[in-house]
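A.B. asks: sequence-free structure coming up:
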């Protein structure tokens with residue numbers, strides 16, 4: 001059964017930090033490109049950070065230098081460390097997996113991150 005389960009969201013003050021986790025099952029995690037997206041209130045979903053199967057990363061300009069994506073293949077988990085959070089980082093954060101072998105994509109259910117002034 002395919003599952004992507006995010007955790008770690010919550011309420012934090014501006015300037016604070018949060019760490020998100022996404023535990024995957026049933027997707028051949030090791031070969032997947034993993035991506036964190038977010039959807040701010042009233043806006044479209046946007047890419048936050050991506051990590052390939054070999055560990056190459058890229059980030060949205062708005063989070064460069066503040067967010068770090070990483071993965072642990074032994075735990076089938078991808079992480080997003082978020083520092084120096086701003087109110088504009090408030091969004092529902094989603095974990096996404098792309099399996100290149102079967103050309104399939106999977107989404108988690110999302111976790112809310114709220115950054116207060």
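C.D. replies: Right, received. Where do you want to start? Values in this document were obtained by computation on a predicted structure and should not be read as measured data.
A.B. asks: If we ignore the residues flanking it in sequence, what's nearest the residue most central in space within the chain?
C.D. replies: Central residue of the chain (Cα atoms, centre = their mean): residue 36, 2.7 Å from the mean position. Nearest residue to residue 36 in three dimensions, chain neighbours excluded: residue 48, at 4.4 Å (Cβ to Cβ, 6 or more residues apart in numbering). Every residue, glycine included, has its C-beta placed from N, CA and C.
A.B. asks: Next, the residue nearest to the centre of the chain: secondary structure please.
C.D. replies: Under DSSP: H, G, I helix; E, B strand; the rest coil, the three-state class of residue 36 is strand.
A.B. asks: Next, work out how far apart it and residue 1 are.
C.D. replies: Distance of residue 36 to residue 1, given as Cβ to Cβ, to the nearest Å: 22 Å.
A.B. asks: still on that earlier bit, now the residue nearest to the centre of the chain, which residues is it bridged with?
C.D. replies: Following DSSP bridges, residue 36 is listed with bridge partners residue 49, residue 95.
A.B. asks: Tell me the pLDDT of it.
C.D. replies: As summarised for this prediction, residue 36 has a pLDDT of 98.
A.B. asks: and what of residue 48?
C.D. replies: 98.
A.B. asks: And it, how far from residue 95?
C.D. replies: Residue 48 is 10 Å from residue 95, by Cβ to Cβ.
A.B. asks: Strands of this structure, residue ranges please.
C.D. replies: Taking DSSP state E to define them, one finds strands in the chain at 3-7, 10-13, 18-25, 33-39, 46-51, 57-59, 67-72, 77-82, 91-99, 104-107, 111-116.
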